[in-house]
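>>> how would this look folded up:
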Amino acid sequence: GYKLCKKINKSLKTRVDAIQLALKCYNKAAAQLNPPRSPLTWESVVNAVNVANFNLLCDTQQDIQLLDWAQVANCEGMVLYFGIKRTKEEICPLNVEIRRLLTFLHDNYIDHYQAVGRHMITNPPLAHEISARWLYQQQLHEVIVKRLIQTSELPGFSGNL
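Next comes the predicted model:
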């Protein structure tokens, strides 16, 4: 599902030149058919990251472009449906990542606190530098925690902080 979609997207990005050349060749050949087929645009190819977007069978013996599932609006509806389905698949991994992020932030706080305490007497300039850097980092962490709290208050949130 989602991982395959990301892999296809990455492949598209690494093969842009070859895809654009193939697109030109296709459009040239499609224009010479009787009846001519509609040309593809770069945007339609990029938007077709999901294989379901391609009308793979549109040039068969039977003109299936007229069938319901081949209509643009229906294809877009399928893409939306499967996008929502993939999004739902990501909820569990994201709940785990939220917990990992909070654990990291907490551990980072403890590590900085202990580092400042360790060097307070033996190396005050180092303790001051660690403390100064921690103040900046703490401001960033506070923003992250506020966003995570806002996320936890969204309807349908199934994780725990």
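>>> how about Gln137, what does it touch?
Contact analysis of Gln137 by C-beta atoms under 8 Å, 6 or more residues apart in numbering lists 108, 112. All C-beta atoms are positioned from the backbone trio N, CA, C, and that covers glycine.
>>> Just the pLDDT for Tyr136.
On pLDDT, Tyr136 comes in at 93.
>>> From Thr41, how far off is Cys75?
Cys75 sits at a distance of 15 Å from Thr41 (criterion: C-beta to C-beta, to the nearest Å).
>>> burial count for the closest residue to Arg37 other than its chain neighbours?
The shortest distance from Arg37 to any non-neighbouring residue, by C-beta to C-beta, 6 or more residues apart in numbering, is to Ala30 (3.8 Å). Neighbour count of Ala30, defined by other C-beta atoms under 10 Å: 14.
>>> what's the answer for Ile130, then?
20.
>>> now the one 5 residues further on
Per other C-beta under 10 Å, the neighbour tally for Leu135 reads 10.
>>> on that earlier part again, so which of Cys75 and Thr41 has more stuff around it?
Using other C-beta under 10 Å, the more surrounded residue of Cys75 and Thr41 is Cys75, with 17 against 11.
>>> Just the pLDDT for the more buried one.
Predicted confidence (pLDDT) at Cys75: the value is 82.
>>> Please report the distance of it from Trp42.
For Cys75, the distance to Trp42 - C-beta to C-beta - is 18 Å.
>>> Find the residue ranges of the chain scoring beneath the pLDDT cut-off.
1-2, 5, 12, 46-65 (pLDDT under 70).
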